[in-house]
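Undergrad: Provided below are the primary sequence and the corresponding predicted coordinates.
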Amino acid sequence: MQRSILRTIKAHTRFIVTMHVNPDPDALGSALAMTIFLRSLGKEVSLVNDSAYPSWLRFMPQSKLCRAFSASLVKALKPEVLIVLDCGDIRRIGQVAQWAGRGVKIINIDHHVTNTRFGDQNLIDIKSSSTSEILYGFLKTARCRLTRDMAVALYLGILTDTGSFGFDSTSAHTHEVIAELLKFDLPVGELYRQVYETMPKNDLKPFLSLMNTLTLHHDEKIACLTITQSQAKKFSDDFDLKDKVFGFLRAVKGIEVIMILAEQQKKKTRLNFRSRGKVDVARFASQFNGGGHRNASGGFLDMPLKRARACVLKEIVKAL
């Protein structure tokens, strides 16, 4: 499939690269690396996301290449190929999906077990730690000469999607890829701090206050946190709230499933799950218009926050 995708790339000129809404470092990192690669081939390429990228990721090299979707872009850009990275379902690219279905070829590169294989060409490897790891292999096949910016982007994607190499998805091959990327003399300490140790001081008190609303269920094996729109507005754009919640609760012994429910609108709730391994949260996410991995997944429900909470808790308790 890698060579088939390469033939498609060589045969076309105009590209849009995208990834799931609210991208994390793996999504943005792999998308940036792909964009830089296409530009090195002389292609016309635009990196577009439904809402650009979170401001806390602006430290990533060439992050400004990523543009927010707009109606004017639809009129201005006439892509031949849409390359979707780190996204299990075409719906998760948001408004960027408007370019699909217009005679545009879709290349789907991902590692989620729930991927719907929506592309005309699908490079899916559920055993890979991250989409960045898959893309590294693709770029090697393409005989791409990596730049330092590409190495940083891919390194950050792998670092975060492996939980700093602590998740079961981390393999010997993962470390082999990292060893190759480290040959670019990456500032690993600084990159780690940029991802994990940059909580703004003004967010500390709201974070502690929010964590006090956490509830435990089913013999304290399930941790549940709900976030209203008004609560979310108390945090700065430079703070990745959900990631910090998951990081904090993963260190608590005895918790098997962590669920965060965030109010998107009055009748729409965003769901995010993490599991210690006993519960397949990807299966739950697929029930709730989403997907992901066995230990990390997400979805949404078209219902108010309180009702969504009761609905999801009922299903998770059944599994435990």
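TA: In hand now; what should we look at? Residues are numbered from 1 along each chain as shown.
Undergrad: tell me which stretches of the chain form helices.
TA: Secondary structure of the chain by DSSP state H: the helices cover 2-11, 25-40, 71-76, 131-141, 148-161, 172-181, 188-196, 204-211, 229-232, 241-249, 281-287, 305-319.
Undergrad: can you list the buried residues in the first one?
TA: So the one you mean is helix 2-11. 2, 5, 8-9 (16 or more other C-beta atoms under 10 Å). In this view, the C-beta of every residue, glycine as well, is placed from N, C-alpha and C.
Undergrad: not counting that helix itself, show me its contacts.
TA: Outside helix 2-11, the residues within contact range by C-beta atoms under 8 Å, 6 or more residues apart in numbering are 15, 38, 41, 43, 81, 105, 107, 109, 121, 123, 137-138, 141-142.
Undergrad: out of the residues you listed, who's the most crowded?
TA: Highest neighbour count within these, by other C-beta atoms under 10 Å: Ile109, with 27 neighbours.
Undergrad: gap between the closest residue to that one other than its chain neighbours and Phe184?
TA: For Ile109, ignoring the flanking residues on the chain, the nearest one in space by C-beta to C-beta, 6 or more residues apart in numbering is Leu123 at 4.6 Å. Using C-beta to C-beta, to the nearest Å, we find Leu123 at a distance of 24 Å from Phe184.
Undergrad: quick revisit: now the weakest link among the helices of the chain, please, by mean pLDDT.
TA: Across the helices of the chain, helix 281-287 has the smallest mean pLDDT, namely a mean of 85.
Undergrad: give the buried residues for it.
TA: So, applying 16+ other C-beta under 10 Å, buried residues of helix 281-287: 281-282, 284-286.
Undergrad: okay if I get those as TSV plus distance to His20?
TA: Formatted as TSV, these follow (distance: C-beta to C-beta, whole Å):
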residue	distance to His20
Val281	17
Ala282	15
Phe284	18
Ala285	13
Ser286	16
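Undergrad: which among the contacts of helix 2-11 gets closest to Ser236?
TA: Taking C-beta to C-beta as the measure, Ser236 sits nearest to Ile109 out of those, at 32.1 Å.
Undergrad: where does the residue lying farthest from the centre of the chain fall, phi/psi-wise?
TA: Ranked by distance from the centre of the chain (C-alpha atoms, centre = their mean), the top residue is Asp219, with 31.0 Å. Dihedral angles of Asp219 (phi, psi; degrees, to the nearest 10) stand at phi 60, psi 30.
Undergrad: where's it relative to Val257, distance?
TA: 12 Å.
Undergrad: what does Ser132 give?
TA: Separation of Ser132 from Val257 (C-beta to C-beta): 26 Å.
Undergrad: neighbour count for those two, which is higher?
TA: Shown here are Ser132 and Val257; by other C-beta under 10 Å, Ser132 has more neighbours (33 against 25).
Undergrad: my guess is that one meets Gly29, correct?
TA: Yes. Using C-beta atoms under 8 Å, Ser132 makes contact with Gly29 at a distance of 5.2 Å.
Undergrad: which neighbours do those two share?
TA: 153-157.
Undergrad: so can I have TSV of those residues showing neighbour count and distance to Ala308?
TA: Shown next, in TSV, are these (neighbours: other C-beta atoms under 10 Å; distance: C-beta to C-beta, whole Å):
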residue	neighbour count	distance to Ala308
Ala153	29	35
Leu154	29	36
Tyr155	23	36
Leu156	29	32
Gly157	31	30
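Undergrad: quick check: beta-bridge partners of Gly292?
TA: Ser297 (DSSP bridges).
Undergrad: what's the burial count for it?
TA: 22.
Undergrad: list the contacts of it.
TA: Shown in contact with Gly292 (C-beta under 8 Å, 6+ apart): 88, 112-114, 273, 281-282, 285, 298.
Undergrad: follow-up on the earlier one: contacting residues around the residue nearest to Ile109?
TA: Leu123 makes contacts with 1-2, 5, 107-110, 134, 138, as judged by C-beta under 8 Å, 6+ apart.
Undergrad: let's see 10 Å
TA: Leu123 is in contact with 1-2, 4-5, 85, 107-111, 131, 134-135, 137-138, counting by C-beta atoms under 10 Å, 6 or more residues apart in numbering.
Undergrad: swap in Ser132?
TA: 25-33, 85-86, 111, 153-162, 174, 177, 181.
Undergrad: hmm, back to that, in strands, which of the contacts of helix 2-11 fall?
TA: Cross-referencing these against strands under DSSP state E gives 15, 81, 105, 107, 109, 121, 123.
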